[in-house]
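Chemist: no sequence for this one, just the structure:
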């Protein structure tokens, strides 16, 4: 994409991927701008990633065919595209390119030290875990962030046991949008544990995780804010080490619920289960699960009874033990509030 302009004024379009879908956001040009070309359209669309890739492939093939027909000479685009096609066919190279991009680098521009560290960590934490951590490390100093994550993982944490009913996953269907998957799983887990629409007090949530309720009320460990939260499997069945980064009760409860979803959904070979602020499918499912598990949507509507005022939302947050932001996000993601969805 950076090479698409070649002297032309590139439209203000942003492409964002969560691993399954591509979101496109286009902003119109400033009408007072002195630029020679102005773009008028403003829109946001989401398309499946496979469909996006298929259309891009077809478009480039068409352009190459026209160039070949008109000039007959081999162009820079043709050489670049041939290289991309070859890398796609190599599973190791393709995975490396994806990791580079997730870290925010163009091909071959990621520091060798960083890629080596990611490779070593993949053996210890799991390939999927490293893929989730890469966007967290993206920025001006990814090596420093990665070192922070590794230091955080070495903290004592809290020993937990997350053992959901064995029949649960037989009923779960991982289809639909990420937020729908999270909501559906949360409803199934609540039903499996015999919870209805009532709030989950700290004691009940702690029982599900086999931890002390105090863990959900008071931060444990150092004061430095970590880049993410983790549950680390220790190889002993359903035992995990919880490392929560939030500093308040609603945040701790929400993160604990996210890691509950991780333990249920993530294959056994993965050892590290990260909960981050990134927008991947896995993180979207986690956040949607936590919102519905702690604050069932139908129960929330009953509590609010049509009153979406700041005061009512504050009371709902206290009632369900979640933040006001989580309440607003849950309502927005269900189309009940005229604001940008934040959890999905």
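Modeler: That came in fine, so what should we check first? Because the structure is a prediction, the values reported are computed rather than measured.
Chemist: now the stretch 51-200 of the chain, which segments are flagged as low pLDDT?
Modeler: 166-167, 169-171 (pLDDT under 70).
Chemist: quick one, helices of it?
Modeler: 76-89, 91-102, 112-125, 127-137, 142-153, 168-171, 178-192 (DSSP state H, counting those that start in this stretch).
Chemist: in CSV: those helices, plus mean neighbour count and distance to residue 35.
Modeler: C-betas here are computed from N, CA, C, even on glycine. Putting these into CSV (neighbours: other Cβ atoms under 10 Å; distance: least, Cβ to Cβ, whole Å) gives the following:
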stretch, mean neighbour count, distance to residue 35
helix 76-89, 12, 26
helix 91-102, 15, 29
helix 112-125, 15, 37
helix 127-137, 21, 32
helix 142-153, 17, 34
helix 168-171, 12, 54
helix 178-192, 20, 37
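Chemist: can I get the ones you listed in a markdown table with distance to residue 40?
Modeler: Shown next, in a markdown table, are the helices of the stretch 51-200 of the chain (distance: least, Cβ to Cβ, whole Å):
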| stretch | distance to residue 40 |
| --- | --- |
| helix 76-89 | 28 |
| helix 91-102 | 31 |
| helix 112-125 | 41 |
| helix 127-137 | 32 |
| helix 142-153 | 38 |
| helix 168-171 | 49 |
| helix 178-192 | 32 |
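Chemist: break down this protein into its strands, ranges please.
Modeler: 13-17, 21-26, 43-48, 158-161, 229-233, 239-243, 272-275 (DSSP state E).
Chemist: out of those, which one sits most buried?
Modeler: Of all those, strand 272-275 carries the top mean neighbour count, a mean of 28, counting by mean count of other Cβ atoms under 10 Å.
Chemist: pairing partners for it, with directions?
Modeler: Looking at strand 272-275 with DSSP bridges, its partner strands are strand 229-233 (antiparallel).
Chemist: and the angle for the strand it pairs with with helix 112-125?
Modeler: Counting by axes from the mean of the first three to the mean of the last three Cα atoms, to 10 degrees, strand 229-233 lies at 50 degrees to helix 112-125.
Chemist: now what about strand 229-233, what contacts it?
Modeler: 152-153, 157, 160, 162, 239-246, 255, 258-259, 262-263, 270-276 (Cβ atoms under 8 Å, 6 or more residues apart in numbering).
Chemist: average model confidence for it?
Modeler: Mean per-residue pLDDT for strand 229-233: 95.
Chemist: so what's the gap between that strand and the chain middle?
Modeler: 16 Å (Cα atoms, centre = their mean, to the nearest Å).
Chemist: closest one to residue 235 among the helices of the stretch 51-200 of the chain?
Modeler: For residue 235, the closest of these is helix 112-125, at 12.0 Å, according to Cβ to Cβ.
Chemist: please name every helix or strand in contact with the closest one.
Modeler: When contacts are defined as 3 or more Cβ pairs under 8 Å, 6 or more residues apart in numbering; DSSP states H and E, helix 112-125 packs onto helix 91-102, helix 127-137, helix 142-153.
Chemist: looking at the strands of the chain, which one has the lowest mean pLDDT?
Modeler: Taking the mean pLDDT of the strands of the chain, strand 13-17 comes last: a mean of 88.
Chemist: do you know the pLDDT at residue 342?
Modeler: 50.
Chemist: next: residue 226.
Modeler: At residue 226, pLDDT is 88.
Chemist: that one touches residue 153, doesn't it?
Modeler: No: judged on Cβ atoms under 8 Å, residue 226 makes no contact with residue 153 at a distance of 9.2 Å.
Chemist: what sits in contact with each of these two?
Modeler: residue 243.
Chemist: coming back round to it: could the strands of the chain be laid out in CSV, adding distance to residue 294?
Modeler: CSV is the format used below for those (distance: least, Cβ to Cβ, whole Å):
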stretch, distance to residue 294
strand 13-17, 27
strand 21-26, 26
strand 43-48, 27
strand 158-161, 17
strand 229-233, 15
strand 239-243, 16
strand 272-275, 14
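Chemist: contacting residues for residue 109?
Modeler: residue 100.
Chemist: look up how far residue 90 lies from it.
Modeler: 19 Å (Cβ to Cβ, to the nearest Å).
Chemist: over to residue 131?
Modeler: For residue 131 relative to residue 90 (Cβ to Cβ), the value is 18 Å.
Chemist: with residue 23 instead?
Modeler: In terms of Cβ to Cβ, residue 23 sits 28 Å off from residue 90.
Chemist: same check on residue 267?
Modeler: 24 Å.
Chemist: okay, these two: which has more neighbours?
Modeler: residue 90 (11 against 7; other Cβ atoms under 10 Å).
Chemist: quick check: chain neighbours aside, which residue is closest to residue 251?
Modeler: Leaving aside its sequence neighbours, residue 251 sits nearest to residue 323 (Cβ to Cβ, 6 or more residues apart in numbering; 6.8 Å).
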